[in-house]
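Sharing a model that was predicted from the sequence below.
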Amino acid sequence: MATDHIVRAYDEELSRLANIIAQMGGLAETQLAAAIQAVVQRDSELAARTVQDDVKVDRLEEEVDAFSVRLLALRQPVARDLRTIVTALRIAAELERIADYAKNVAKRAIALNQVPAVRPVHAVPRMGALVQAMIKDVLDAYIEHDAAKARQVWQRDEEVDEMYNSLFRELLTYMMEDARSITTCTHLLFIAKNIERIGDHTTNVAELIHYQVTGSRLSEARPKGDNTSFAVVQPPKGSK
């Protein structure tokens, strides 16, 4: 009976760890959704609340850290249990970064509300919705221990990069056509980059889930489509 109790308690501890990670992910996803909504609706109050709510994710990461260290010390896990705990630590760090980038989007939303809106803002919610869907699916993959679903999320990061490339070029063109839009478009560029980085961190989570479930890392090169470092946009004809 004592042995059964110990095993059952260990299972409950691992389940608790997974639940904290799932809670972190849910909060990070909500943070991003609220930040995007604040941009679209020009809602400074919502943006400010989103910035303040980031501390909730930080506290959960601290809880994951403390609980994982305790499990490592007391249970001395091996094989899959060890991978589960170690990847939980790393996934928590990735989710904390996702929430930080969402906070950055919310901060930019507050700044955007001080200047006139521009047409390219319509692309932000599309890009945000794509990344939100990736976060949701990667959390499902974590809860379900589904390596195949994690791989699917991993593959979708290229689509995020392509959308970012398109928005990057559109914003540069818009700024060249109308210098009055430079401030607004610069904030939108930072927002788009933050969302693109959230996609990268979500892809990191997918890789960690695949390793946790299978014990092996994804062998293929990560699909990447961000080529903004090499982007050259020609000024409109007739401009000086």
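Here it is on my side, so go on. As the structure is a prediction and not an experimental result, all values here were calculated from the model.

Report the separation between Q23 and I143.
Per CB to CB, to the nearest Å, Q23 is found 11 Å from I143. (Each C-beta comes from the backbone N, C-alpha and C, glycine too.)

residue ranges with poor pLDDT in the chain?
1-7, 222-240 (pLDDT under 70).

quick check: longest helix of this protein.
Ordering each helix of the chain by length in residues (DSSP state H) puts helix 2-41 first.

can you pull the buried residues of it?
Within helix 2-41, the residues that qualify as buried are 13-14, 17-18, 20-21, 23-25, 27-39, counting by 16 or more other CB atoms under 10 Å.

Stretch 103-114 now?
K103, N104, V105, A106, K107, R108, A109, I110, A111, L112, N113.

shouldn't the second one be in contact with E196?
No: the pair N104 and E196 does not pass the contact test of CB atoms under 8 Å, sitting 11.9 Å apart.

For the most centrally placed residue in the chain, give me its contacts.
Central residue of the chain (CA atoms, centre = their mean): I198, 3.2 Å from the mean position. Contact partners of I198, counting by CB atoms under 8 Å, 6 or more residues apart in numbering, are L32, I98, Y101, A102, V131, I135.

Helix, strand or coil: sort out the second one for me.
Here I98 is recorded as helix under DSSP: H, G, I helix; E, B strand; the rest coil.

Tell me how far it lies from A141.
Distance from I98 to A141, by CB to CB: 15 Å.

and what of the fifth one?
Distance, V131 to A141, by CB to CB: 15 Å.

okay, these two: which has more neighbours?
V131 (29 against 23; other CB atoms under 10 Å).

ranges for the helices of this structure?
Assigned by DSSP H, the chain shows helices spanning 2-41, 44-75, 79-112, 123-144, 147-155, 157-177, 182-214.

So I21 versus L71, what's the distance?
Taken as CB to CB, the span from I21 to L71 is 13 Å.

now swap in I110 and tell me
From I110 to L71 the distance is 40 Å (CB to CB).

Next: T87.
Relative to L71, and taking CB to CB, T87 is found at 13 Å.

before we move on, what about P116?
53 Å.

okay, these two: which has more neighbours?
Remark: of P116 and L71, L71 carries more neighbours, 21 against 9, as counted by other CB under 10 Å.

I figured the more buried one hits V86, correct?
No: between L71 and V86 there is no contact under CB under 8 Å: 10.2 Å.

Correct me if wrong: Q31 contacts V57.
Yes: counting by CB under 8 Å, V57 is a contact partner of Q31 at 7.0 Å.

outside of stretch 43-60, which residues touch it?
Taking CB under 8 Å, 6+ apart as the rule, stretch 43-60 contacts 20, 23-24, 27-28, 31, 34-35, 37-39, 92, 95-96, 99-100, 102-103, 106-107, 109-110, 113.

Kindly recompute the last result at 6 Å.
For stretch 43-60, contacts defined as CB atoms under 6 Å, 6 or more residues apart in numbering pick out 20, 24, 27-28, 31, 34-35, 38, 96, 99, 103, 106, 109-110, 113.

Repeat that for stretch 23-42.
For stretch 23-42, contacts defined as CB under 6 Å, 6+ apart pick out 46-47, 50, 56-57, 60, 95, 98-99, 102, 105-106, 109, 113, 124-125, 128, 132, 135, 139.

Dump that stretch to PDB, keeping only the CA atoms.
In PDB, the C-alpha atoms belonging to stretch 23-42 read as follows (Å, rounded to 0.1, in the frame of the first residue of the first chain):
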ATOM      1  CA  GLN A  23      -2.500  27.500 -17.100                       C
ATOM      2  CA  MET A  24       0.600  29.500 -18.100                       C
ATOM      3  CA  GLY A  25      -0.100  28.800 -21.800                       C
ATOM      4  CA  GLY A  26      -3.800  29.800 -21.400                       C
ATOM      5  CA  LEU A  27      -2.800  33.100 -19.800                       C
ATOM      6  CA  ALA A  28      -0.200  33.800 -22.500                       C
ATOM      7  CA  GLU A  29      -2.700  33.100 -25.200                       C
ATOM      8  CA  THR A  30      -5.200  35.400 -23.500                       C
ATOM      9  CA  GLN A  31      -2.500  38.100 -23.200                       C
ATOM     10  CA  LEU A  32      -1.900  38.100 -26.900                       C
ATOM     11  CA  ALA A  33      -5.600  38.100 -27.800                       C
ATOM     12  CA  ALA A  34      -6.100  41.100 -25.500                       C
ATOM     13  CA  ALA A  35      -3.100  43.000 -26.900                       C
ATOM     14  CA  ILE A  36      -4.300  42.500 -30.500                       C
ATOM     15  CA  GLN A  37      -7.800  43.600 -29.600                       C
ATOM     16  CA  ALA A  38      -6.300  46.700 -27.900                       C
ATOM     17  CA  VAL A  39      -4.500  47.500 -31.200                       C
ATOM     18  CA  VAL A  40      -7.500  47.000 -33.400                       C
ATOM     19  CA  GLN A  41     -10.000  48.800 -31.200                       C
ATOM     20  CA  ARG A  42      -7.500  51.500 -30.100                       C
END
